[in-house]
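1. fold the following, please.
(chains A, B and C)
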Amino acid sequence: MIRPHRTHTLWFAYILHRLSGLSLALFLPAHFYIMSLALTQPERLDGFLKWTDLMIVKVAEYGLVFLLAVHIFGGLRLMALEWLPWSNGQKTLAAAAVGGAFLISTMFFMRAI
Amino acid sequence: MMDIRLYMLQRISALIMAPLTLGHIAVMIYAIQGGLSADEILGRTQGSVFWFLFYGSFVAAVSIHAAIGLRVIVSEWLGLRGMVLTVFGWAVFLVLLAMGAQAVLAVTQT
Amino acid sequence: MKATPDTLTVSVWRGAESGGSFESFEVPNFESQTILDIVAWIQQNSDPTLTYRYACRVGMCGSCAMMVNGVPRWTCRTHVQKVVQDNRVEIAPLRNLPVIKDLATDMDPFFDKWIAAEGLHHPTKSRHDPIEQINPESAARVEAASGIECINCSVCYAACDTVANNPDYLGPAALQRAWTVYNDSKDAGRQQVLDAVSGVGGCHNCHSQGSCAVHCPNDLNPMKAIAGLKRATATSFFRKGSRT
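-> I've put the predicted structure just below:
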């Protein structure tokens, strides 16, 4: 359960940024490994890429694109918060980051299926 | 744990990645239609100086950014401190950099 | 309308740093009373050994903050009616600070960090100089004034997860005071402040969770002050870099 002092918008924005960053960092080695097969074992790369035709993998990719998009939009909000003059609309901006990420990842998913 | 030096590295690597990430997402949305294949990817990237620089700087920046991020997380959530923490940060950086460099070379070399 | 019960069930944390547990008390359910009132009632009527801290009772001194139903609050100005859930209230000592006994925490780490952040006055003049005129509308003064009403109650410090996860972190209150001092044109320690907040426990650890601003009883915004310090230290970092 989420402890009561945390139940507010910007804390949720924080945990989303942290968990998306953590997931992306853990995904990176796998991503790098598969791409590096292109040189040594192109047939194995194609084997992996065939997997991406599966619906379950497409949904997983949808999730990954969402995590990437929400991490960059949330990160841009934090950069603006820290380095640009202060803006009071932080909750709105955090919500907009999630909305934008959802929009972009859904666009990806629509083209994938 | 997070002094100004690490903070600046974290933020500057983030700013370098901002346009690269948006470009990466755009390429993904463009390329995903009709499925992925090694030929399609290599046809775009092999022998291209542009994609070598694009993905090369992306890999360098993300290795720094992810290493510092993971370092903060293991320190805050798992209580790692001191020398162990320093070694952990460097290890993540070097592993990501090596694997990423291999991937970039693999898709851009002719 | 539901009938108001005659009593409230109040869970109070009892013990010391070494350990303890919650103890339940039945307290009269008066229509208008504060959390501090019920703590005082318990101490005066149920158990005289209950330890807690307070002084002014009007929200000025910052001594009576406690965790109320898991949220840090100034208890002297928190109405029971506002926080009661199913006729129950849980009261515990402030989070992120060592407990002396029962509801009284040791505030030393909190104030030590205040000093470590250079949140103190560095004089530019002596008593023999004329008093300096300050324009209250200047940008720096407006910024300084926005954090000046801090009563050192440690509510933000208790609300902050970064403090909980990183014992070195100076915390929202100390950093907000550092930002206030930094913007004070009568202060001679601007660079000292920037150096103090740039170390391992400095402002750069903040993740902008904003719990400090949400829970501050005086509606201050330490997260905004810390963002100001990040901006100032980053600017100073680039300047230093271009000089070498």
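2. tally of neighbours for C:D86?
-> 6 (other CB atoms under 10 Å in any protein chain shown). Backbone N, C-alpha and C define where each C-beta goes, glycine included.
3. and if you look at C:D219?
-> Using other CB under 10 Å, C:D219 has 7 other residues around it.
4. A:A112 now?
-> Neighbours around A:A112, by other CB under 10 Å: 22.
5. ok, and does the helix or strand C:A213 falls within reach over to chain B?
-> C:A213 is part of helix C:211-215, with elements assigned from DSSP states H and E. No - residues of helix C:211-215 are not located near chain B by CB under 8 Å from any CB of the partner chain, the shortest gap being 14.7 Å.
6. check which helices and strands that helix sits against.
-> helix A:9-40, strand C:71-74, helix C:155-159, helix C:222-243 (3 or more CB pairs under 8 Å, 6 or more residues apart in numbering or on different chains; DSSP states H and E).
7. show residues contacting the second one.
-> Contacts of strand C:71-74 with the rest of the structure, by CB atoms under 8 Å, 6 or more residues apart in numbering or on different chains, involve A:4-5, C:35, C:59, C:62, C:64-67, C:83, C:94-95, C:153-156, C:158-159, C:215, C:217.
8. now, which of these lie within strands?
-> C:65-67 (DSSP state E).
9. run through the neighbouring helices and strands of the worst-scoring helix or strand of chain A on mean pLDDT.
-> None of the helices or strands of chain A scores lower by mean pLDDT, DSSP states H and E than helix A:42-51, at a mean of 81. Here helix A:42-51 touches helix A:9-40, helix B:38-45, going by 3+ CB pairs under 8 Å, 6+ apart.
10. most tightly surrounded among these?
-> Highest mean neighbour count among those (mean count of other CB atoms under 10 Å in any protein chain shown): helix A:9-40, with a mean of 18.
11. so which elements touch that one?
-> Packing partners of helix A:9-40 (3+ CB pairs under 8 Å, 6+ apart): helix A:42-51, helix A:55-83, helix A:90-112, helix B:38-45, helix B:49-78, helix B:82-108, helix C:211-215.
12. select, out of these, the one closest to C:D47.
-> C:D47 lies closest to helix C:211-215 among these, at 28.5 Å (CB to CB).
13. the helices in chain C, which residues?
-> C:35-41, C:80-83, C:108-116, C:139-146, C:155-159, C:161-165, C:172-182, C:190-196, C:211-215, C:222-243 (DSSP state H).
14. which residues are contacting the first one?
-> Just to be clear, that refers to helix C:35-41. With CB under 8 Å, 6+ apart, helix C:35-41 has contacts from C:8, C:10, C:12, C:27-28, C:30, C:50, C:52, C:54, C:57, C:64, C:66, C:68, C:73, C:75-76, C:78, C:80, C:83, C:89, C:91, C:103.
15. what residue in chain A is the furthest from its centre?
-> If you look at how far each residue of chain A sits from its centre, by CA atoms, centre = their mean, the farthest one is A:T40, at 29.1 Å.
16. how close does the closest residue to it other than its chain neighbours sit to B:Q46?
-> Counting by CB to CB, 6 or more residues apart in numbering or on different chains, the nearest residue to A:T40 once its immediate chain neighbours are dropped is B:A106, at 7.3 Å. Relative to B:Q46, B:A106 is positioned 10 Å away (CB to CB, to the nearest Å).
17. could you do C:P109 as well?
-> As judged by CB to CB, C:P109 and B:Q46 stand 59 Å apart.
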